[in-house]
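# I'll drop the sequence and a predicted model, then ask my questions.
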Amino acid sequence: MCESNVYLLKKGKEEKFLDDVELIRCQDGQLFISNSNGEKRQVKAEIVSVDFENHKVLIRQTEPA
């Protein structure tokens, strides 16, 4: 399987946001993220990096929660 884990960058630290992610869709400044378990989350954020080798996506919120 090729799922990735998404981490949210907060104050210089990475916090796990969602495991086993299969889809990230960007729309109107938001990321819509869903995983293989059917969980869906959305956040006003931008993608900082995508590490294909380690199956890791790093995002940064653009508006506070």
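Sure, I can see it. Residues are numbered from 1 along each chain as shown.
# buried stuff in the longest strand anywhere in the chain?
Across the chain, the strand with the greatest residue count (assigned by DSSP state E) is strand 13-27. By neighbour count with 16 or more other Cβ atoms under 10 Å, strand 13-27 contains the buried residues 17, 18, 21, 24. Quick note: C-beta positions are derived from backbone N, CA and C, even for glycine.
# pretty sure the second one contacts residue 38?
No: using Cβ atoms under 8 Å as the test, residue 18 is too far from residue 38 to be in contact (11.6 Å).
# can you give me the strands for this structure?
4-10, 13-27, 30-35, 40-43, 45-51, 56-61.
# mind putting those in TSV, mean pLDDT included?
Formatted as TSV, the strands of the chain follow (pLDDT from 0 to 100):
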stretch	mean pLDDT
strand 4-10	97
strand 13-27	97
strand 30-35	98
strand 40-43	98
strand 45-51	97
strand 56-61	98
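# quick revisit: what's the longest strand of the chain in contact with?
Residues from elsewhere that reach strand 13-27 (Cβ atoms under 8 Å, 6 or more residues apart in numbering): 1, 3-9, 31-37, 39, 41, 43, 47, 57-59.
# Show me how to select, in PyMOL, the buried members of the residues you listed.
Per 16+ other Cβ under 10 Å, the buried members of the contacts of strand 13-27 correspond to this PyMOL selection:
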select buried, resi 4+5+6+7+8+9+31+33+34+35+43+57+58+59
